[in-house]
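Student: How does the following fold in three dimensions:
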Amino acid sequence: MPLIYKGFDVVTRVGGSAIIIKARMEKGVIQSQLGGDYNCLFILDRYNVDFYSFENMKGSGGSFIFSLKNLRGYSGIRKANEDLELEFEIPVSSRLIDCINEIRRKKRFFGLAISYSLSIAQLGGSYSIKSMTGNLERVFPDGSSNIYMPFYTDEIDELMKKLGYMEVVRLEIPVPLISETHVEIINNCINELKNVEDSIAKGNYPEALRISRNIIMNYLTELTKKEEGKGRVLKGEIREYILSRIPSHCKSIYEGILDGIENALISNLACIHKFIKEDTGKLVAMPSREEAEYIYLMLISILRYISQLTITWK
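Tutor: So this is what the prediction gives:
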């Protein structure tokens, strides 16, 4: 049955954000189903969302990306002589954010298709339930419509703004294809950084800082002996490996650079400990997305530089 796209919004739920797709079924359609104009109970039973990459705003040249199946709907009351307003809630995930950004980078259009099952029960008079299935449609300015619904560039810009998301610049981290302790450290950090990114995308900023704290404390730095009095320093395996590859006439330069990286890690660890208790890892203050992204980007930059040094100086 004709159900027309009428815009979107973003809401924050416990556990993350969600995109709300708004839709409308005109009252004439309801009247024809019920054989008259009545108050009715509607139940949006279940719905599926398929995500696509499109060549243009007509929905042509679509490439399927992934699906969310059997999402549960909700129920409500529609009064007589009114259109039926429906909402489809789509949970936001790091996969969805990555999908949108990848499509934008390729100069294509992000879009979706929604199929649904809907039940409508007349209230008052003869009791009857009508079941229907269909697809949400988008009507374009020229009057044509399509169940495949690309989003305009300004809509995606608005969506990402409402999600509080600005695309993070991605930097590839090169990893040497050798079995060495310092390589294992870098690989462990990269795996953990993926979890940081996922936590940020879900809006779980405390968890993003906890994982970042683990990267700094367990992989990139270590505690020195008490008698040395320095506290936490750059991991010995990393420092020693890099300096062992540096030509002697450049050693003092890179010793200073590694000291700077060490200070940056310790400084950012101190920043994390303003939100995460140092000795227990418990939350003491709620961090914002800005803190989580700052630490995340700092770690990417440092890891990329360290990894590049291990490859450059062989």
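
Student: now the helices: where do they sit in the stretch 51-200 of the chain?
Tutor: For the stretch 51-200 of the chain, the helices defined by DSSP state H, counting those that start in this stretch occupy 94-105, 153-162, 181-201.

Student: From residue 298, how far off is residue 188?
Tutor: Remark: distance between residue 188 and residue 298 (C-beta to C-beta, to the nearest Å) = 17 Å. Any C-beta I mention is one placed from the backbone N, CA and C, and that applies to glycine too.

Student: Give the residue spans of the chain that score low on pLDDT.
Tutor: 1, 125-127, 165-181, 201-202, 225-230, 313-314 (pLDDT under 70).

Student: Which residue ranges of it form strands?
Tutor: Ranges of strands in the chain, per DSSP state E, are 3-13, 16-25, 40-54, 63-72, 75-78, 84-91, 109-122, 129-139, 145-146, 149-150, 221-223, 232-234.

Student: among the ones you listed, which is nearest residue 285?
Tutor: Nearest to residue 285, of all these, is strand 3-13, at 19.2 Å by C-beta to C-beta.

Student: quick check: angle from that closest one to strand 129-139?
Tutor: 90 degrees (axes from the mean of the first three to the mean of the last three C-alpha atoms, to 10 degrees).

Student: how far does strand 3-13 sit from the chain's center?
Tutor: On the basis of C-alpha atoms, centre = their mean, to the nearest Å, strand 3-13 sits 18 Å off its chain's mean C-alpha point.

Student: buried stuff in that strand?
Tutor: For strand 3-13, burial by neighbour count (16 or more other C-beta atoms under 10 Å) applies to 3, 5-6, 8, 10.

Student: Just send these back as CSV, with distance to residue 240 too.
Tutor: Below are the buried residues of strand 3-13 laid out as CSV (distance: C-beta to C-beta, whole Å):
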residue, distance to residue 240
3, 65
5, 60
6, 62
8, 54
10, 49
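
Student: Out of the residues you listed, flag the one nearest to residue 85.
Tutor: residue 6 (8.0 Å).

Student: quick one: contacts for the closest one?
Tutor: Contact analysis of residue 6 by C-beta atoms under 8 Å, 6 or more residues apart in numbering lists 22-24, 85.

Student: Could you identify which of these has the most neighbours?
Tutor: Counting neighbours by other C-beta atoms under 10 Å, the top entry in those is residue 23, with 20 neighbours.

Student: so that one touches residue 8, yeah?
Tutor: No - Residue 23 is beyond contact range of residue 8, at 10.1 Å (criterion: C-beta atoms under 8 Å).
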